[in-house]
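Participant: just to be clear, the model below is a prediction. Sequence and coordinates:
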Amino acid sequence: MDFSIKACDWSKGTEASFLTGKSDCVVIGVFEAQTLSGAAFTIDNAIGGTISRVIKAGDMDGKAGSTLFLPEVGGIGASRVLLVGLGKQDAFGQKAYGEAVKAAWRAILGTKIAQTTFTLAQLPVKERASDWAVRAAILALRGEAYRFTQMKSKPDTTVRSLKRIVFSVDAADEKPARLAAKQGTAIANGMDLTRDLGNLPGNVCTPTYLAATAKKLARDWTLKVEVLGQRQIEALKMGAFLSVTKGTVEPPQFIVLRYQGASAKAAPVVLVGKGITFDTGGISLKPGEGMDEMKYDMCGAGSVLGTIRAVAEMGLKLNVIGIIPTCENMPSGLATKPGDVVTTMAGLTVEVLNTDAEGRLILCDALTYAERFKPAAVIDIATLTGACIIALGHHNSGLFSKDDALAGELLDASREADDPAWRLPLDDEYQDQLKSNFADLANIGGRPAGSVTAACFLSRFTERYSWAHLDIAGTAWKSGAAKGATGRPVPLLAQFLIDRAAQ
Ligand code: BES
Ligand code: MN
Ligand code: ZN
């Protein structure tokens, strides 16, 4: 799909080329108050008042999410008009805009429309400018158009007619809107990668597959990549990571992917992604129901790869390093047992009371490894705890940090990107729950505040830099009929990095 930006100040005499330009459709918005303005007003005049008549007849009431095609319109270059209900004008904010845009794309994707003009990004969205609206529209369209068919025996037969989208924006917004279109495309490409990696089954998306994906990204985007295997992981004394991979025959990998967009001296942002390509729970075996979804336990890793792809395509002026510890968590005669004590790379010993709390074990060694980069900030992303779904459901990712400034930046980015996160506590009081009679700490802290104690465990390995943790257990994929990876939190991370690069 190709996105372009064209300046058009409706009703100011510059709209002629817009009205005569050939296309299959022009998308315009109608508020519940039904007074037409901007593009809607001008186009209504050009086509002889059809929109006003349709509204009067009650066929379009402007209710949020409603759509109506006007076929075979005359008087303009577009052969159809798509009316989109916007709801109440005084409530037209980020959410209402998102709903309207989604409804528009759904309607269009169900037709043979190949080219369309899109005027909704010019609407007055509360607290948001046109460039934001362009980017949000691109992400919504790419989100609606995404299909995962790689594993089907027959090639994808759903034809996607839509190829070319022209956004009209006010002349003054043209330049930022162009940048927004570029960013939107890059973020959507990153999300598609993250979604594909998540949706691939565990027998395809293995640690080796993730490493191959990182190597391909490095080739395509001239990044530096290093992949450490079992021997090198042993040499680094990553005893916690190694304890998780013990039960499987699938080789573990430790991936380091580096994007350099600023001077080599500039401190990097390090993203650490949990890459459990399948989590059976190990000897503390999970129940069978829904266990297939534990193929998604590498979505943190997937989001690191997707974000770095987006950053490279945007060409952001900062340094970003992705670190991915990746392995399977399997039971076997060689697997780690409850009660086993392991020594982390940092030297702290851990009593593995539950082999299903494996994410923190692979992450703690990766977080120690991150120290060598003298990072400006480290953010880990992990499908870490079922408890996070109990606390926050599927809307917000859990955010943990002792650094208020970093947490604030991430929350701002999450709002801007419409990829919400909610901050949860990380007080030292919770550390007591990790006490062990036999080692420096235990890998579980009991049922109360399970997500907080998981974050507390990680915090013990992050004392040398500014750090935040995102628990994406509830947001990385959807269950049920719409089962599939969401691509989150790539939008949040990409926005955070866009903002950091602009600092
Ligand atoms: N990958 C899971 C967390 C998870 C579970 C994410 C379900 C999404 C849906 C993680 O490795 C895990 O098993 N965590 C345990 C921790 C417990 C043993 C302290 C959990 O949440 O039950
Ligand atoms: Mn687990
Ligand atoms: Zn897990």
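Facilitator: Arrived safely, thanks for sending. Ligands and ions are numbered 1, 2, ... in the order given.

Participant: up against ligand 2, what does the protein have?
Facilitator: Within the chain, the positions adjacent to ligand 2 are 279, 356, 358 by CB under 5 Å from the ion. Backbone N, C-alpha and C define where each C-beta goes, glycine included.

Participant: and the first one, what does it touch?
Facilitator: This means D279. 286, 294, 297, 328-329, 356, 358-359 (CB atoms under 8 Å, 6 or more residues apart in numbering).

Participant: for this structure, what's the longest helix?
Facilitator: Across the chain, the helix with the greatest residue count (assigned by DSSP state H) is helix 174-199.

Participant: out of the residues of the chain next to ligand 2, who's near ligand 1?
Facilitator: Counting by CB under 6 Å from any ligand atom, the subset of these that neighbours ligand 1 consists of 279, 356, 358.

Participant: what packs against the helix or strand of the chain with the lowest mean pLDDT?
Facilitator: Here the helix or strand of the chain ranked lowest by mean pLDDT, DSSP states H and E is helix 16-20, holding a mean of 87. For helix 16-20, the elements it packs on are helix 38-46, judged by 3 or more CB pairs under 8 Å, 6 or more residues apart in numbering; DSSP states H and E.

Participant: what mean pLDDT would you report for the helix it packs on?
Facilitator: On average, the pLDDT along helix 38-46 is 95.

Participant: list the contacts of the nearest residue to A267 once chain neighbours are set aside.
Facilitator: Closest residue to A267 apart from its sequence neighbours, by CB to CB, 6 or more residues apart in numbering: A376 at 3.9 Å. Applying CB under 8 Å, 6+ apart to A376 gives the contacts 266-269, 466, 500.

Participant: ok, and what's touching the least confident helix or strand of the chain?
Facilitator: 6, 8, 42-43, 46, 75-77, 117, 168.

Participant: and it, what's buried?
Facilitator: 18-19 (16 or more other CB atoms under 10 Å).

Participant: now stretch 118-136
Facilitator: Of the residues in stretch 118-136, 118-123, 125, 128-136 count as buried by neighbour count, 16+ other CB under 10 Å.

Participant: now do stretch 251-265
Facilitator: Buried-residue list, stretch 251-265, by 16+ other CB under 10 Å: 251-261.

Participant: relative to the whole chain's centre, how far out is it?
Facilitator: Taking the mean of its C-alpha atoms, stretch 251-265 sits 20 Å from the chain's own mean (CA atoms, centre = their mean, to the nearest Å).

Participant: what mean pLDDT does it get?
Facilitator: Here the average pLDDT along stretch 251-265 is 98.

Participant: one step back: which one of the buried residues of stretch 251-265 is nearest to ligand 3?
Facilitator: Checking those against ligand 3 with CB to the ion, the nearest one is P252 at 14.5 Å.

Participant: list the contacts of the closest one.
Facilitator: For P252, the contacting residues are 207, 229-230, 233, 241-242, 245, 325-327, by CB under 8 Å, 6+ apart.

Participant: what helix or strand does the residue lying closest to R488 once chain neighbours are set aside sit in?
Facilitator: Once flanking residues are discounted, R488 sits nearest to T475: 4.8 Å by CB to CB, 6+ apart. Taking DSSP states H and E as the definition, one finds T475 inside no helix or strand.

Participant: and the gap between T475 and V169?
Facilitator: Distance of T475 to V169, given as CB to CB, to the nearest Å: 31 Å.

Participant: swap in L406?
Facilitator: Distance, L406 to V169, by CB to CB: 33 Å.

Participant: looking at those two, which is more packed in?
Facilitator: V169 (27 against 19; other CB atoms under 10 Å).

Participant: next up, phi/psi of the more buried one, please.
Facilitator: As for V169, its main-chain torsions (degrees, to the nearest 10) stand at phi -140, psi 160.

Participant: quick check: it vs ligand 3, distance?
Facilitator: As judged by CB to the ion, to the nearest Å, V169 and ligand 3 stand 44 Å apart.

Participant: quick check, that residue in contact with W10.
Facilitator: No: at 10.8 Å, V169 does not count as touching W10 under the criterion of CB atoms under 8 Å.

Participant: now do the shared contacts for these two.
Facilitator: Q122.

Participant: so which residues of the stretch 401-503 of the chain form strands?
Facilitator: Counting by DSSP state E, counting those that start in this stretch, the stretch 401-503 of the chain has these strands, from start to end: 421-423, 441-442, 467-471, 477-478, 484-485.

Participant: then the stretch 201-350 of the chain?
Facilitator: Listed in chain order, the strands of the stretch 201-350 of the chain (DSSP E, counting those that start in this stretch) span 224-228, 253-260, 269-273, 275-279, 319-329, 340-343, 349-352.

Participant: now those in CSV, with distance to V101?
Facilitator: Converted to CSV, the strands of the stretch 201-350 of the chain look like this (distance: least, CB to CB, whole Å):
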stretch, distance to V101
strand 224-228, 36
strand 253-260, 30
strand 269-273, 29
strand 275-279, 33
strand 319-329, 29
strand 340-343, 49
strand 349-352, 47
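
Participant: picking up where we left off before, max pairwise distance over the contacts of helix 16-20: which two?
Facilitator: K6 and G75 (19.6 Å; CB to CB).
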